[in-house]
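1. Build me a model from this:
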Amino acid sequence: MANLKRTREDILNSTIDLVHRQGLQSTGLKELFVASEASSGSFYNYFKSKDEFAHALIDFQWQQIRDNIYLSVSQVSDDPIEKLFLTLEKIEKKHLEEINCAGCLLGNLIVDLAEYDQTFREHLQKIFDEWQFLLSQLLHDGKEQLNDQVDPDLLAEQILTMLEGVLLIARLYDQPERLQRGFASIQQLIQSSLKV
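-> This is a model prediction of the structure:
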């Protein structure tokens, strides 16, 4: 029986894996109700529509990434370049620990939703701009360690593009060694941008 006292966060938390693996367009409302153990009334109390739920899920996932990866890494080191490497290691570890890697949920939602509705394209662009800014900020903070010709903003864009590509291909092949090689290539890119 559905639990009528599910919180908004409970619903998002309990449905994120389903949407991650199946995609939002392929997931029916009934499946969301079952996964969240929420009644339709409880679900609609927080989300007026499936689209509103999807927008909330995007923000929820981005908050998880920021809190679980970026904030935790910032407490470990003061060196911005070391923080960047630790961030990548943490993302790699998370995806290696997943059974049948489903890639990056936010990246998957680009494929799933960007053509479906312009509001999703704009929302996801905003999230990825914020993500790129976090990477760029670390590189700007560690600029004295970078080669003089390196543009921190461009390097941040390259890192994020490679990261999403690696996670997408990892989802396709589901081969841990391929994921590891991809992350090694990203680290190599950063290493080659550092002063000798």
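
2. tally of neighbours for residue 9?
-> Neighbours of residue 9 under the rule other CB atoms under 10 Å: 11. Heads up, the C-betas are built off the backbone N, CA and C, glycines and all.

3. Now do the SS call for it.
-> helix (DSSP: H, G, I helix; E, B strand; the rest coil).

4. Now the element after the worst-scoring helix or strand of the chain on mean pLDDT, going C-ward?
-> Taking mean pLDDT, DSSP states H and E as the measure, the chain has helix 72-74 as its least confident helix or strand, at a mean of 77. The helix or strand immediately downstream of helix 72-74 is helix 80-97, counting by DSSP states H and E.

5. ok, residues contacting stretch 96-108?
-> 16, 19-21, 23, 58, 61-62, 65, 95, 124, 127-128, 163-164, 167-168, 170-171, 174, 176, 179-180 (CB atoms under 8 Å, 6 or more residues apart in numbering).

6. quick one: buried residues of stretch 73-81?
-> Residues of stretch 73-81 classed as buried: 73, 80-81 (neighbour count, 16 or more other CB atoms under 10 Å).

7. typo on my end, it should be stretch 123-139
-> For stretch 123-139, using 16+ other CB under 10 Å, the buried residues are 123-124, 127-128, 131-132, 134-139.

8. Please state the offset of that stretch from the chain centre?
-> When distances are taken as CA atoms, centre = their mean, to the nearest Å, stretch 123-139 is centred 11 Å away from the chain's centroid.

9. Let me see the mean pLDDT of that stretch.
-> Confidence for stretch 123-139, expressed as mean pLDDT, is 96.

10. send the alpha carbons of it over as CSV?
-> Extracted C-alpha coordinates of stretch 123-139, given in CSV (Å, rounded to 0.1, in the frame of the first residue of the first chain):
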residue,chain,number,x,y,z
HIS,A,123,17.4,24.0,-17.5
LEU,A,124,20.1,21.4,-18.4
GLN,A,125,22.3,24.1,-20.0
LYS,A,126,22.1,26.1,-16.8
ILE,A,127,23.2,23.1,-14.7
PHE,A,128,26.1,22.2,-17.1
ASP,A,129,27.1,25.9,-17.1
GLU,A,130,27.3,25.7,-13.3
TRP,A,131,29.2,22.5,-13.4
GLN,A,132,31.7,23.9,-15.9
PHE,A,133,32.0,27.0,-13.7
LEU,A,134,33.0,24.9,-10.7
LEU,A,135,35.7,23.2,-12.8
SER,A,136,36.8,26.5,-14.2
GLN,A,137,37.0,28.1,-10.7
LEU,A,138,39.3,25.3,-9.5
LEU,A,139,41.5,25.9,-12.6
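
11. Quick check on residue 75: phi, psi?
-> The phi and psi torsions at residue 75 (degrees, to the nearest 10) take the values phi -90, psi -10.

12. how near is residue 172 to residue 192?
-> In this view, residue 172 and residue 192 are 27 Å apart by CB to CB, to the nearest Å.

13. meant to ask about residue 127
-> From residue 127 to residue 192 the distance is 28 Å (CB to CB).

14. Ok, residue 24 next?
-> 38 Å.
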